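Trainee: quick one: sequence and predicted model below, then my questions.
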Amino acid sequence: MFFSVGQHEEAAIAVDQLVNPVNAGNPMVLSFVRTYSSTAFFKATSKDAAPFYVDTVTNKRINKKNWTEGMHNVARLKGSQVPAAPYRFKITIFGYIMLLAVIGFFAYLTYDSFLKPVNPNINAAQPLEQTMEPNNIYFGRFERYEEGQRIPLKTGFGWFKVTENANGTVKLAMSKEMQTHHQAPANMNSTDFEETVAEMKIEEQESYNIRLKSTDGLLEVNLTEKK
């Protein structure tokens, strides 16, 4: 970030009535200097102008430890006559842009955290988490096994219809048009189902999946979408 500091002489006053404590024959000037600093976002100045005595022959400042009582008194008296600083703190146009951006950011955080209306459905059960009711239709995949075999005899994709859910047993009917490879659910038959149903037990039910297994252990079904 661009940053600069500089000093500007606000006033220079001849003090011929004072004796130079370092070089008695050399005249002095009482100078008042104010510090100015600036960045891309703001400008600032010191409240008070600092006094300095300068030897006009050597053009060197006289160390404050060498000041006489009279020099201190004159510096205090003349310091009240120095013009006030034109400003103490001033924001630049880029500073205003940054300030508005920060205010906007925290306003958004406040709104999003405390004032944003709560979605009444945010905690509602997702479709696959809801109780499986008769006539509910789901899309998913099945695997059919033979007794004692661990490799599926047949697999497929399609729609399933719940015909009954009682005492923890769900009866499912498969669509009459099951496919051996995945297709878009919308393109598959979800209205015509087999008369034969399979008795299933729910093994797992999450927001993204329902896993069921037949009571004889030979059919597994994973449902991933509810119609």
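Mentor: Perfect, thanks for sending it.
Trainee: and this structure, what are its domains?
Mentor: According to automatic domain parsing, the chain comprises the domains 3-91, 127-226.
Trainee: in CSV: these, plus mean neighbour count, distance to residue 102 and mean pLDDT.
Mentor: Every C-beta, even on glycine, is put in place using the N, C-alpha and C of the backbone. Listed next are the domains of the chain as CSV, based on neighbours: other C-beta atoms under 10 Å; distance: least, C-beta to C-beta, whole Å; pLDDT from 0 to 100:
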stretch, mean neighbour count, distance to residue 102, mean pLDDT
domain 3-91, 14, 11, 90
domain 127-226, 15, 38, 90
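Trainee: for the ones you listed, give me CSV that also has distance to residue 98.
Mentor: What follows is the domains of the chain, written out as CSV (distance: least, C-beta to C-beta, whole Å):
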stretch, distance to residue 98
domain 3-91, 6
domain 127-226, 42
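Trainee: so for the lengthiest helix in the chain, mean pLDDT?
Mentor: Secondary structure of the chain per DSSP state H: the longest helix is helix 93-110. Here helix 93-110 scores 89 as its mean pLDDT.
Trainee: which residues does the following helix or strand past it contact?
Mentor: Sequence-wise, the next helix or strand downstream of helix 93-110 (DSSP states H and E) is strand 137-144. Outside strand 137-144, the residues within contact range by C-beta atoms under 8 Å, 6 or more residues apart in numbering are 128, 152-162, 174, 178, 182, 185, 188, 190, 210, 218-227.
Trainee: what separates residue 38 from residue 44, distance-wise?
Mentor: Per C-beta to C-beta, to the nearest Å, residue 38 is found 7 Å from residue 44.
Trainee: do the same with residue 159
Mentor: Applying C-beta to C-beta to residue 159 and residue 44 gives a distance of 72 Å.
Trainee: same check on residue 168?
Mentor: For residue 168, the distance to residue 44 - C-beta to C-beta - is 75 Å.
Trainee: tell me where this protein has helices.
Mentor: For the chain, helices defined by DSSP H occupy the ranges 69-79, 93-110.
Trainee: and these: which comes nearest residue 59?
Mentor: With C-beta to C-beta as the measure, helix 69-79 is the member of the helices of the chain nearest residue 59 (17.9 Å).
Trainee: just checking, what packs against that closest one?
Mentor: Packing partners of helix 69-79 (3 or more C-beta pairs under 8 Å, 6 or more residues apart in numbering; DSSP states H and E): strand 28-39, strand 50-55.
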